[in-house]
Structures are given as structure tokens and as C-alpha cells.
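>>> could you work out the structure for the sequence below:
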Amino acid sequence: MLTARDLGVLLGLSPATVLDRFERGDLPGFRLFGRKGGPVRFRESEILSALEGWRFGCIELAPECHR
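Below is the predicted model of the structure:
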């Protein structure tokens, strides 16, 4: 599981931006203990799936471009 800080490092975003995007529903995650104001955590697999869904176009060197 990733914190907002961890995810921010991976995505090149500030932790505040990560949390803002989570609150807007743009990033999948959950609050620990299921309570408002609780710490937010992100599953790497869910983030990778979301990123794949947002992908636009194709990078020429990527193997999936040549299918």
C-alpha cells in the first residue's frame, strides 16, 4: 500500500495534489478505518489499472503498439 507521499513521488505530484485527486474521485484509494479524515492509502495495482485506462495514444517503442 502506498501513502499520498509515496504515490506523489511515483507520479511526480505533491502529496496535496494526490489527496485532492483522491477526494475528487480521480484516484482510487481508501481511508483507513473507514472514517472521514482517516489516513488515505492507495493500492499500487489499482493505480496502475487507472493509469492504463487513462492512456491515450501509443509510444512507438511499446510492444503493445505493434499488435
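
>>> now for the protein, the helix or strand with the poorest mean pLDDT.
helix 44-54 (a mean of 91; mean pLDDT, DSSP states H and E).

>>> give the buried residues for it.
residue 47 (16 or more other Cβ atoms under 10 Å). All C-beta atoms are positioned from the backbone trio N, CA, C, and that covers glycine.

>>> check which helices and strands that helix is in contact with.
For helix 44-54, not one helix or strand is in contact under the criterion 3 or more Cβ pairs under 8 Å, 6 or more residues apart in numbering; DSSP states H and E.

>>> tell me how far it lies from the chain's centre.
In terms of Cα atoms, centre = their mean, to the nearest Å, the centre of helix 44-54 is set 7 Å apart from its chain centre.

>>> one more: stretch 18-27?
9 Å.

>>> identify all contacting residues around it.
4-5, 7-8, 11, 13, 29, 40, 42, 47, 50 (Cβ atoms under 8 Å, 6 or more residues apart in numbering).

>>> and the strands in this structure, which stretches?
30-31, 40-41 (DSSP state E).

>>> now the ones you listed in CSV, with mean pLDDT?
Shown next, in CSV, are the strands of the chain (pLDDT from 0 to 100):
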stretch, mean pLDDT
strand 30-31, 95
strand 40-41, 96
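
>>> how close does the residue nearest the centre of the chain sit to residue 36?
Most central in the chain under Cα atoms, centre = their mean is residue 47, positioned 3.8 Å from the mean C-alpha point. Distance of residue 47 to residue 36, given as Cβ to Cβ, to the nearest Å: 22 Å.
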